[in-house]
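Model the following, please.
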Amino acid sequence: MDEPPSPFFQYSYPPSTDKLPSPTNEPPTATDELPPSPLLKSRIPRKTIIVDPNLFKDDSRISYLHCPLRKGIIYYCRDGAIFEHNIHSYGKYEPRIIVPTRPGQYLEEISFVPIKGNRILLFAKYLGGYLHLSIHKIRSDHRVGPALWSFNGSIDGHSDIDNLVPITSTENALGITFMVQFNGHWKLFDISTNGTDASNNIPLIESRRIDFDQKLARGNSRVKLFPDRHILLNTDVEVGRRNETIDIYYSDSGDTNNMNFSFVTRMSIPLLKDRKGSFVDLDVANGSKFAMATSDGRVSVWDIRSTVPLKTFMKFPKSVRYLQFNSGNPGKEVLVFVERDNLSPLDIIHVIDATSFETEEMLPFKSTKSMRVGALFFDPSGGTLYAEHTGTLYEWHLQKNEPRPEWWIGE
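Modelled structure (predicted):
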């Protein structure tokens, strides 16, 4: 087949953490005219075609991309089925289906969670209240083996477990539990794999709860738990929509499964004039650092010990997608997101040194309203970055930075 031109520019904007130049007025610079990147081993990505770009259309899109086990082994949904694909292999069995299409069922969310015993849990939610759970052995080649246990069924009518979020646990044999947010607490549900403890044919058993000393708001609020499970953020919009708020909670309990969070402080962030500014994304790193994006295009990085942001990006109207840190390893953190402007022909991936904020790479893709960067994610080590555009996967390897001190917080 004839391969159409790649939407990825063989160019990059000069590294900067200041205002992004307009792509219509200041074209990007050829990568061979720039010094070596301090963040990426190469600005030119490795490319893998998953869907023939000549045939790419809405019903052939890939979605829900993950890399939970090893660099190069990618999981995604296409035509209702869940695939496993080693993009570094050209064998005749690539890709392979691990969960087939379910007629009349449409995937809403998938997650892969490593669990105890060298196993992985596949969690898939479908529109209409249908749930798939399966436990798989991880093979020696870091691929998913046959299902050791599985559940497929409806949870329609069980509103208490409709918004499951998987988290790690030390209190059960699997090392995984699910939580659901309620006013003032989370309920925790363990998986029953023997069928004797489950009720109503649902293999989830309410086991514990996490309490708060104040009721968490519902509606527009978002809750985020730090990886060490001692710091919790609850974001919301104040009445009258003049400020965005972030409530910070802390738990010093040694029991990470039955935690009682206490309110610490509230951060109030003014909205830009005449803009709604509701939260669109929030991610956390180890320690006390978190990043957030708002619908007015701002991206800011905060430390819970400070009342001012460590850094703010994009101080002009844009939209932001796929905000995330690569890992919580001090000295090796990067923050990434996609900048999107409906008036611009570009989607721009930002790769930022999240330790010092002194270096940044901007990777531009030609886009249209229907053809955008559709995913941005890391491998488990945080050392490889992936982006999907029009059925093609792009892969960059990060430099191995020397550990450096965390950003200093003034008093």
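
Quick check: closest non-adjacent residue to Asn342.
In space, Asn342 comes closest to Lys369 once its chain neighbours are excluded; the distance is 6.8 Å by C-beta to C-beta, 6 or more residues apart in numbering. In short, each C-beta sits where N, CA and C put it, glycine included.

Is my assumption valid that that neighbour occupies a position in a strand?
No. Lys369 is assigned coil when assessed by DSSP: H, G, I helix; E, B strand; the rest coil, not a strand.

Run a quick neighbour tally on it.
6 (other C-beta atoms under 10 Å).

likewise Arg266?
13.

residue contacts, it?
Taking C-beta atoms under 8 Å, 6 or more residues apart in numbering, we find Arg266 in contact with Thr245, Ile246, Asp247, Ile248.

Please name the strands paired to the host helix or strand of it in the sheet, noting orientation.
Per DSSP states H and E, Arg266 falls inside strand 260-270. Strand pairing for strand 260-270, using DSSP bridges, gives strand 204-212 (parallel), strand 243-250 (antiparallel).

Taking the contacts of Arg266, please make a PyMOL selection of just the buried ones.
Selection of buried members from the contacts of Arg266 for PyMOL, criterion 16 or more other C-beta atoms under 10 Å:
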select buried, resi 245+246+247+248
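
Let me know the closest of the contacts of Arg266 to Arg43.
Relative to Arg43, the closest of these is Ile246; by C-beta to C-beta it sits at 34.4 Å.

From what I see, that closest one and Ile231 are in contact.
No. Contact criterion C-beta atoms under 8 Å: Ile246 and Ile231 do not qualify, at 11.5 Å.

Assign a three-state SS to Trp396, would you?
strand.

Mind pulling up the pLDDT for it?
Among the per-residue scores, Trp396 holds a pLDDT of 96.

thinking it is in contact with Thr384, fair?
Yes. Taking contacts as C-beta under 8 Å, Trp396 lies within contact range of Thr384: 7.1 Å.

Looking at the two, which is more packed in?
Comparing Trp396 with Thr384 by other C-beta under 10 Å, the one with more neighbours is Trp396, at 23 against 20.

Who does the more buried one form a beta bridge with?
Going by DSSP bridges, Trp396 forms beta bridges with Leu385.

need the contact list for it.
Neighbour list for Trp396: Leu40, Lys41, Ser42, Arg43, Pro45, Arg46, Val351, Leu363, Thr384, Leu385 [criterion: C-beta under 8 Å, 6+ apart].

Just among these, which is most surrounded?
Leu363 (27 neighbours).

any idea which helix or strand carries that residue?
Secondary structure (DSSP H and E) places Leu363 in strand 360-366.

next helix or strand past that strand?
strand 373-378.

Using CSV, write down the CA coordinates of that following strand.
Taking C-alpha atoms only, strand 373-378 is exported to CSV below (Å, rounded to 0.1, in the frame of the first residue of the first chain):
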residue,chain,number,x,y,z
VAL,A,373,-3.7,13.1,18.5
GLY,A,374,-5.9,10.4,20.0
ALA,A,375,-3.8,9.1,22.8
LEU,A,376,-0.7,10.0,24.8
PHE,A,377,0.8,7.6,27.3
PHE,A,378,4.0,6.0,28.7
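
remind me which residues of the stretch 201-350 of the chain are low pLDDT?
212-222, 227-229, 237-244, 253-259, 269-280, 286-287, 295-296, 314-317, 328-332 (pLDDT under 70).

Swap in 50 and give it another go.
Along the stretch 201-350 of the chain, the model assigns pLDDT under 50 to residues 274-277.

Quick one: the strands in it, in order.
204-212, 222-225, 231-237, 243-250, 260-270, 279-284, 289-294, 299-303, 311-313, 319-325, 334-340, 346-353 (DSSP state E, counting those that start in this stretch).
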